[in-house]
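1. Quick one: sequence and predicted model below, then my questions.
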Amino acid sequence: MTYSIKQAFKQFFRNGAMSAASVFSITAMMLILGLFFLLVVNVSNIAEGVKQDFDTIQIYLLDSVAPDAAQGMMRGLEGMPEVKSARFLSREEAMEDFKARFGDKAYLLDLHQENPLPNSIIVKVGKIEDADMVAARARSLQGVDGIDYYKETVDRLIRLTDFVQIGALAVIGFLVVVSIVVVSNTIRLTVLAREGEISIMKYVGATNWFIRGPFLVEGMLIGLVSALVSACVVAFIYSKVTELFGMDLLVMLSTGLVSQGFMISNLSVIFAALGISIGACGSIISMRRFLDT
Amino acid sequence: MIEYRNVTKTYGSNVGLADVSVSIDKGGFAFLVGPSGAGKSTFIKLLLREVRPDSGTILLGGMDVTRLSNREIPSLRRGIGIVFQDFRLLPRKTVYENVAFAMEMIHMRSRYIRRQVPQALSLVGISSKAKMYPEELSAGEQQRVAIARAIVNSPSLLIADEPTGNLDPDTAWEIMRLLEQINARGTTVVMVTHAKDIVDRMGRRVIAIKDGRVTRDVRNGVYGAEDE
């Protein structure tokens, strides 16, 4: 064990240029991977937040429905297990909201003699997936004029996040394969440089795992160093991004970027695990030919 | 110690060994002679399980070499010391380190290594050069180091593959005396060679191989004209 680690460090520095080249390529691929990761997590997070905003169904009532009847309808809807809450929104309140949204241009609305807005019931569903069912039920009620909810927007959003995730996975998979090839080439150089040593090891009866040890550790070391470098670079980039756009996003979408601490700690673990696995796979591949006894 | 029973090994259409049956007793000393490509290397490779025979069995100290799994090969080789014509020392390690390497590779305790290595070096008569690097040594000295490395783990069998091939006659004889000495301590020695005068003067068992077959197997033998 100590032998493997000592040898690995020695080889890592002895092959300085090649090690650096491998670290460089793996770092490059991890950076791309890291940026995709940041993108995917944030897109999912924002999508999740936006979905929360779209969990409401607005049910417009005919003017002929009396307030008592409206209250009854509301309670009926509230009784459904899928419904989180229901609220009656009178036409006057709706007008106030509407005016508030127009801000200092609200006087434009005063041009209307009569309030054109209907009474409505606002229902919040527990899960966005249940929106269809609740809407169908509401539509069947007497006195309902129309229904408004953001099913399609949400569907489109889900499709978009799926697409981003699958795309990112494909790119990452490809990059991982490339990295393994890069590492295995570097390790092969070490193996070739030590062919004599390996053949003697075999003749004196060293086990295959013992022979593989130092090369395995060397590969993992390359992966780990790459992970470290990438984690630092991505952390730096992400802190800059949050600094620049974090507030804007919060204002625009009411969902901020995922916190730096959470992102970086997770990403570091992913990088380290990935780097070590890539290094290990690379060296085992490059050793195969030399150990087929 | 070593027993080949009807061993055949072919490489495609080339014959390595054809139905060879030979046995060498424990503590024995045997020369393996024959022209190049006759099957001597195949004989050795089969013993080390670098290759498997097509048919037949090879017993080494009661263990069937042909049936070992790949995982058992290391333990097989720990019982065999090997010396090559080209020494195969590690150039960046000192004499001491080269010998110690063979012990480190099989996880020997460092205290034990520190005791065994000087003993092996003194046995081959090279103690005074322990701190030198192989390139600073003469060919004969390098071969002594290689022998020290081969015997440091106390193998019961020593295989010498043309150990005198790169040496001048006087040095070659020194190496032969060393091998005799190791043999006298109870180690079985199998030596592949082309050196006619050595075989003739040693008066040991000679196994001659030609075209994959044992053509001659005599005690106190000499190098035959057909072995060239």
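-> Structure's in. What do you need? Numbers count the residues shown, from 1 in each chain, chains lettered A, B, ... in the order given.

2. which regions of the chain sit below the pLDDT cut-off?
-> If you meant another chain, say so; for now it's chain A. For chain A, applying pLDDT under 70 flags the ranges A:52-53, A:101-106, A:108-109, A:111-113, A:246-247, A:249-256, A:292-293.

3. actually chain B
-> Using pLDDT under 70, nothing in chain B is flagged.

4. which parts of it sit against chain A?
-> B:48-50, B:70-71, B:73-79, B:82, B:88, B:90, B:101-102, B:104-107, B:149, B:153 (C-beta under 8 Å from any C-beta of the partner chain). No exception for glycine: its C-beta is placed from N, CA and C like everyone else's.

5. Quick one: buried ones out of those residues?
-> By neighbour count, with 16 or more other C-beta atoms under 10 Å in any protein chain shown, the residues of chain B next to chain A hold B:48-49, B:73-74, B:76-78, B:82, B:88, B:90, B:101-102, B:104-106, B:149, B:153 as buried.

6. Inside helices: which ones of those?
-> B:73-74, B:76-78, B:101-102, B:104, B:149 (DSSP state H).

7. burial measure for residue 118, as a count.
-> Assuming you mean chain A. By other C-beta atoms under 10 Å in any protein chain shown, the residues close to residue A:118 number 17.

8. meant chain B, my bad for not saying
-> Around residue B:118 there are 15 residues (other C-beta under 10 Å).

9. just checking, it touches residue B:127?
-> Yes: the criterion here is C-beta atoms under 8 Å, and residue B:118 meets it with residue B:127 at 6.6 Å.

10. Report the buried residues of stretch B:81-89.
-> Quick answer for stretch B:81-89 (16+ other C-beta under 10 Å): B:81-85, B:87-89.

11. of the residues you listed, closest to residue B:33?
-> residue B:85 (14.6 Å; C-beta to C-beta).

12. what's the spacing between that closest one and chain A?
-> 14 Å (C-beta to the nearest C-beta, to the nearest Å).

13. Could I get the contacting residues of that residue?
-> Contacts for residue B:85 (C-beta atoms under 8 Å, 6 or more residues apart in numbering or on different chains) come out as B:161-163, B:165-166.

14. Mind doing that once more with 10 Å?
-> By C-beta atoms under 10 Å, 6 or more residues apart in numbering or on different chains, the contact list for residue B:85 reads B:143, B:146, B:160-167, B:192-194.

15. By neighbour count, which of these wins?
-> In the contacts of residue B:85, the most neighbours by other C-beta under 10 Å go to residue B:143, 30 neighbours.

16. can you confirm it is in a strand?
-> No: checked against DSSP: H, G, I helix; E, B strand; the rest coil, residue B:143 lies outside a strand; its state is helix.

17. For residue A:94, give me its contacts.
-> Contacts of residue A:94 (C-beta under 10 Å, 6+ apart): A:58, A:60, A:115-120, A:122.

18. make it 7 Å
-> A:117, A:120 (C-beta atoms under 7 Å, 6 or more residues apart in numbering or on different chains).

19. same deal with residue A:5?
-> Neighbours of residue A:5 in contact, by C-beta under 7 Å, 6+ apart: residue A:217.

20. Enumerate the residues of chain A near chain B.
-> Contact residues, chain A versus chain B (C-beta under 7 Å from any C-beta of the partner chain): A:3, A:196-197, A:200-201, A:203-207, A:210, A:293.

21. can you rerun that using 8 Å?
-> Applying C-beta under 8 Å from any C-beta, we find that chain A lies next to chain B at A:3, A:196-197, A:199-208, A:210, A:293.

22. what about residue A:129, how many neighbours?
-> For residue A:129, using other C-beta under 10 Å, the count is 12.

23. Just want to check the distance between it and residue A:77.
-> Residue A:129 is 17 Å from residue A:77, where distance means C-beta to C-beta, to the nearest Å.

24. Spatially central, which residue of chain B would that be?
-> residue B:159 (1.2 Å; C-alpha atoms, centre = their mean).

25. Is that residue in a helix, a strand, or coil?
-> Strictly by three-state DSSP, residue B:159 counts as strand.

26. Provide a list of residues in contact with it.
-> B:44, B:47-48, B:80-83, B:190-192.

27. Please apply the same query to residue A:12.
-> A:19, A:218, A:221-222.

28. switch the cut-off to 7 Å
-> A:19, A:218, A:221.

29. pull the longest helix from chain A.
-> Max-length helix for chain A by DSSP H is helix A:208-253.

30. Show the secondary-structure elements that it is packed against.
-> Helix A:208-253 sits against helix A:2-14, helix A:16-53, helix A:151-193, helix A:260-291, with contacts defined as 3 or more C-beta pairs under 7 Å, 6 or more residues apart in numbering or on different chains; DSSP states H and E.

31. and residue B:58, backbone torsions?
-> Main-chain torsions, residue B:58, degrees, to the nearest 10: phi -130, psi 120.

32. Distance check, it against chain A.
-> 16 Å.

33. If we ignore the residues flanking it in sequence, what's nearest that residue?
-> residue B:65 (4.4 Å; C-beta to C-beta, 6 or more residues apart in numbering or on different chains).

34. Test my guess that that neighbour contacts residue B:49.
-> Yes: Residue B:65 is within contact range of residue B:49, at 5.5 Å (criterion: C-beta atoms under 7 Å).

35. Any buried residues in the helix or strand containing residue B:119, and which?
-> Element membership for residue B:119 (DSSP states H and E) is helix B:110-123. Within helix B:110-123, the residues that count as buried by 16+ other C-beta under 10 Å are B:113, B:116-117, B:120-121, B:123.

36. which strands and helices sit next to that helix?
-> Against helix B:110-123 (3+ C-beta pairs under 7 Å, 6+ apart) you get helix B:95-104, helix B:139-151.

37. Outline the domain layout of chain A.
-> A:2-51+A:155-291, A:56-149 (automatic domain parsing).

38. quick one: which of those domains is nearest residue B:185?
-> Per C-beta to C-beta, nearest to residue B:185 of those: domain A:2-51+A:155-291, 19.4 Å.

39. Done for today, thanks.
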